[in-house]
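Can you look at this prediction? I've put the sequence above it.
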Amino acid sequence: MSEPSDPPRSPSPRPGLLARGVGRLGGLAAQAMRLYGEANALASDGLAAEAEAAYRRTLALNPRFAEAHNNLGNVLRALGRAEEAVAAYREALACGLDHPLVHYNLASALKAAGDAAPAERHFRRALAEEPAYAEAFNNLANLLRDGERLTESATAYRRALALRPAWDEAHDNLSGALYLLHEEGRHEEAARFARLWLRDHPDHPVARHIGAAVAGLDAEERASDAYVRQVFDLFAGEFDDKLLGELGYRAPTLLAEALSNVGIVQDSSLDVLDAGCGTGLCGPFLRGSARRLVGVDLSPGMLERAAAHGLYDALDEAELGAFLSERPAAFDLIVAADVLCYFGALNGILAQAAAALRPGGRLAFTVERLEEGGAPWRVSPHGRYAHTEGHVRDGLSAAGLTILRLAPDTLRHESGAPVAGLVVLATRP
């Protein structure tokens, strides 16, 4: 789930206000307009500190220049100075710019400053003035979700999507709200929202995957390419911080330990595939073993961040099964950290991985563990699949792979609870 954005907005200058300013101030007003244009150009170029100085020079010449107050607030938010931005937006309102964009900006700054109640009031004021304001519905929903008002939050996300049906970020946000509802034990309420979501957006990949999971409908045998690409493109910017900092993500470390225990050495002799490489979290421990290190992922956003590490000899944007099928006996080692959790039935992908290994090659991966006694695999409301140990063993056997290690361990923590997983190492005889 991505953290939704609340971008600052800049209303166009109102000719009436500025015409009055020119008549009253003459040359000073013209100079203020010139500085205002320079400040806007600096802000557009991402030069927030320089833009701040130019807006302040503008306002020294015309303290009633409401649009300059608003845009000053925008650059102050960009500089992380939310409380100062609040003051600037309030000045814009005091100077007569009673515009839904200004209320939206003020609400977003108040939210960033931790003032939830006034933030909610100004989001609602923006919506009262502009009922078709999708961004305001989305970011009001963010605020409600943070305040654990999940029913209201889901309703507001649905309003945003009614206005912008193809808005990927809002779909992702709604999926997060429904997951939280489900985690609170409000399963039927979450399922009701999920069914409405699927009814209204039957072709959207996140609705199809997460909506079906939350609603308890039959799952597809794997997450679609469109779903995986969208989720990880949205998640790419915060992926490492979220997994390592907040969730205690351990899959790369567990796989590194498993490989070290069976004698995989750092001698740069192997052709290695980092399958579903993401941002490259496995790259550091794989590089020392690799003569050639290749990464493959569906998400261009993830691959861009993996490339920044400078560890990979090649990075390919491709679906994993197709990539493996096109490379018979190409690798000595294939590693898939938390990748097969986007596949339900594992037989196909394990057979493709086995065929891409050379004789004696190793396959190392993690999956989330499902207790025995029911279905061999199941998709959860967060969108990942879990698998029984028996299903994993059967899939490896069918692929002609010999198990070297298959052990339970904790992969990460989520909602304060450990996520049970299996750490698997197999070889092609």
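Done, it's in.

Show me how the record splits the chain into domains.
1-131, 145-218, 234-427 (automatic domain parsing).

Just the buried positions in stretch 384-400, please.
Applying a neighbour-count criterion of 16 or more other C-beta atoms under 10 Å, one finds 384-389, 391-392, 395-396, 399 buried in stretch 384-400. Backbone N, C-alpha and C define where each C-beta goes, glycine included.

pLDDT for those residues - can I get that in a markdown table?
Shown next, in a markdown table, are those (pLDDT from 0 to 100):
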| residue | pLDDT |
| --- | --- |
| 384 | 95 |
| 385 | 97 |
| 386 | 97 |
| 387 | 98 |
| 388 | 98 |
| 389 | 98 |
| 391 | 98 |
| 392 | 98 |
| 395 | 98 |
| 396 | 98 |
| 399 | 98 |
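
Closest one to residue 328 out of these, please.
For the buried residues of stretch 384-400, the minimum distance to residue 328 (C-beta to C-beta) is 13.6 Å, reached by residue 399.

Now do the same contact list for that closest one.
347, 350-351, 353-354 (C-beta atoms under 8 Å, 6 or more residues apart in numbering).

Okay, and which of those map to helices?
Secondary structure assignment by DSSP state H places 347, 350-351, 353-354 of those in helices.

what would those look like in CSV with neighbour count?
Listed next are the ones in helices among the contacts of residue 399 as CSV, based on neighbours: other C-beta atoms under 10 Å:
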residue, neighbour count
347, 16
350, 25
351, 19
353, 29
354, 21
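
any idea how far residue 348 is from residue 320?
Going from residue 348 to residue 320 by C-beta to C-beta, to the nearest Å gives 11 Å.

who has more neighbours, the two?
residue 320 (26 against 16; other C-beta atoms under 10 Å).

Now do the same contact list for the more buried one.
Listed by C-beta under 8 Å, 6+ apart, the contact set of residue 320 reads 275-276, 296, 298, 336, 339, 349, 352.

Buried residues of the longest helix along the chain, list them for me.
Using DSSP H, we find that the single longest helix of the chain is helix 27-44. By neighbour count on 16+ other C-beta under 10 Å, the buried set for helix 27-44 is 29, 32-33, 35-36, 38-40, 42-43.

Quickly note the distance from the spatially most central residue of the chain to residue 175.
Relative to the mean C-alpha position of the chain, the nearest C-alpha, by C-alpha atoms, centre = their mean, is the one of residue 235, at 2.2 Å. As defined by C-beta to C-beta, residue 235 lies at a distance of 12 Å from residue 175.

still on that earlier bit, now intersect the contacts of residue 320 with the helices, please.
Reading helices off the contacts of residue 320 with DSSP H, I get 349, 352.

Residues contacting stretch 125-135, please?
Under C-beta under 8 Å, 6+ apart, the answer for stretch 125-135 is 6-7, 98-101, 103-104, 107, 136-137, 140, 159-160, 163-164, 167, 170.

10 Å - rerun?
4-7, 9, 93, 98-108, 123, 136-137, 139-140, 156, 159-165, 167, 169-170 (C-beta atoms under 10 Å, 6 or more residues apart in numbering).

Thanks a lot, see you next time.
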